[in-house]
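Peer 1: requesting a structural model of the entry that follows:
(chains A and B)
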Amino acid sequence: MKKIIWIMLLPLVMLTGCSQEKKEMNVSALYQHYAERENLSVAQVSGFELNDSVCVDVVLMQADNEEAWQQLKEEFNIRGDEGTVSWLGESENPAIRTQWNGTPVMRVIASLYKHTIGIYRIDNETQYDAIVEYQLEKTKKGTK
Amino acid sequence: MDEKRFEEIWEMAEAEHYSHRLAAEYPAWRTRRNRVAGLALLTLMAAGVGLPLLRNSSLPAAQHEGYTAAVSNRTDITDQYWVNMADELLMSV
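Peer 2: Down below sits the predicted model:
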């Protein structure tokens, strides 16, 4: 009888293992690179919804102290101390400014006030358009 | 004899390398044993097919609001904090 119980439990154990594996997300090299730093709070949000059908992956980093923020500013060539700056960065190195030409790019947004940088991965035109639309819609709602 | 007792006796017979002889002498035992094993196999197959379907059907409900998954190097900061941050940054441009 014990054998039968074990046979019946086996698929459950296997499936539990599979579901655990499924929950694991693909962590980007960008996240891994910055997550190792002690003075940076770093996160990757996968599948951040821009609308019902379009999602993007976002890497966010927040400096824990002034020193860390200055280091980030240097690495990303950020000038000034106030407001928000935004640019399209190369997918391999988001610090390098580029233009949209249909290949994957990063929408980089740096809040100088919050000492935070968000890097949104854009793989196609649909995502590019959805980000613009999201910003417009949200801003419109915010002003109402 | 109930299923439990049957299994006990069968296991004892197996431990004594007696099961083949038992089955040879009493074919009904082998049949019964096969039936029990068949039931176990059916359960296995049903679980193998049914549970993934069940799991997939429940996936949308298990998804988070506004994102699929999040990971951070800080355990004291919630996923929602980062999702809100992603939203706020887009709004701030």
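Peer 1: okay, now residue 86: neighbour count?
Peer 2: Assuming you mean chain A. 16 (other CB atoms under 10 Å in any protein chain shown). No exception for glycine: its C-beta is placed from N, CA and C like everyone else's.
Peer 1: switch to chain B, that's the one I care about
Peer 2: Applying other CB under 10 Å, we find 25 residues neighbouring B:A86.
Peer 1: and the one helix or strand B:A47 maps to, how far from the chain's centre?
Peer 2: Assigned by DSSP states H and E, B:A47 falls within helix B:27-57. A distance of 12 Å separates the centroid of the chain from that of helix B:27-57, by CA atoms, centre = their mean, to the nearest Å.
Peer 1: in that helix, what counts as buried?
Peer 2: Across helix B:27-57, burial judged by 16 or more other CB atoms under 10 Å in any protein chain shown covers B:W29, B:R30, B:R32, B:R33, B:V36, B:A40, B:L44, B:A47, B:L51.
Peer 1: how about the fourth one: what's its closest non-neighbour residue?
Peer 2: In this case it means B:R33. Nearest non-adjacent residue to B:R33, counting by CB to CB, 6 or more residues apart in numbering or on different chains: B:W10, 6.1 Å away.
Peer 1: now do the helix holding B:A47, average pLDDT.
Peer 2: Helix B:27-57 comes out with an average pLDDT of 73.
Peer 1: same check on stretch A:97-110?
Peer 2: Averaging pLDDT along stretch A:97-110 yields 92.
Peer 1: circling back: mind putting the buried residues of helix B:27-57 in JSON lines, distance to B:K4 included?
Peer 2: Below are the buried residues of helix B:27-57 laid out as JSON lines (distance: CB to CB, whole Å):
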{"residue": "B:W29", "distance to B:K4": "15"}
{"residue": "B:R30", "distance to B:K4": "19"}
{"residue": "B:R32", "distance to B:K4": "13"}
{"residue": "B:R33", "distance to B:K4": "14"}
{"residue": "B:V36", "distance to B:K4": "11"}
{"residue": "B:A40", "distance to B:K4": "14"}
{"residue": "B:L44", "distance to B:K4": "20"}
{"residue": "B:A47", "distance to B:K4": "22"}
{"residue": "B:L51", "distance to B:K4": "26"}
